[in-house]
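**Student:** task: produce atomic coordinates for the following.
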Amino acid sequence: MDFNDEKWDVWSRLMKGVQEGDMEAYAHLLSEISPLVFNYVRKRVYHSGQVEDVYQDALLTFHKARHTYQVNRPFGPWLFTVVRHAIWGSLQRRRKVTEKELQFETMPEISVPDRDENPLNGRLLDALRSLPETTRRAVELLKIRGMDVQTAAKELGISEINLRVRAHRGYAKLREILERDN
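**Tutor:** Residues are numbered from 1 along each chain as shown. Model (predicted):
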């Protein structure tokens, strides 16, 4: 596809139509710029597993920002600014989630302890029992029964994100209780 000045002018006119509510212009514009946006994202996101998600975030950001385009200004710089900010924001959010997920992965594996085996096991069991039911179930399914997040979320009838939040809160509360007892 040749991206000459004429193509950018056509896209600028289509964007004007989009702002006026022309859904056909919107569909046409998206079908033409999507490969360009995808390649732009692909070249800037180094983790191949994240490219598709970041690309979707970029398209969503484009959709949300479409009203900010000024039709008397060039379309290209505006488009790439929107996409660049979308990439950055998406990667920042994913980095924050990944940092939190690392805590899940580094939590020590626990099994149902027998009070008489080790004093820590009794304290851990007491701490686990003191958690609210929803939080305790999340921790038990992930760490005691060793379920993966998807399966555990299905068993509890909640989203994976909700399960991760509950488990994270449970891990934090367990640490707090055990550190307080020391």
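**Student:** checking L178 next. Helix, strand or coil?
**Tutor:** Classification of L178 by DSSP: H, G, I helix; E, B strand; the rest coil places it in helix.
**Student:** which residues does it contact?
**Tutor:** 123-124, 127 (C-beta atoms under 8 Å, 6 or more residues apart in numbering). C-beta here means a position set from N, CA and C on the backbone, and glycine is covered the same way.
**Student:** so of those, which ones are in helices?
**Tutor:** When DSSP state H defines the helices, the subset of the contacts of L178 inside them is 123-124, 127.
**Student:** pick the one among those residues closest to L29.
**Tutor:** Nearest to L29 among the ones in helices among the contacts of L178: A127, at 56.2 Å, using C-beta to C-beta.
**Student:** burial measure for that closest one, as a count.
**Tutor:** Residues lying near A127 (other C-beta atoms under 10 Å) number 19.
**Student:** wait, it sits on E179?
**Tutor:** No: look at A127 against E179 with C-beta atoms under 8 Å: they stay out of range, at 10.2 Å.
**Student:** and the helices in this structure, which stretches?
**Tutor:** 5-19, 23-44, 51-65, 75-106, 119-130, 133-139, 149-156, 160-181.
**Student:** how about the ones you listed in a markdown table, adding mean pLDDT?
**Tutor:** Output for the helices of the chain, formatted as a markdown table (pLDDT from 0 to 100):
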| stretch | mean pLDDT |
| --- | --- |
| helix 5-19 | 91 |
| helix 23-44 | 93 |
| helix 51-65 | 91 |
| helix 75-106 | 76 |
| helix 119-130 | 76 |
| helix 133-139 | 91 |
| helix 149-156 | 90 |
| helix 160-181 | 87 |
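**Student:** for stretch 23-31, buried residues please.
**Tutor:** 25-26, 28-29 (16 or more other C-beta atoms under 10 Å).
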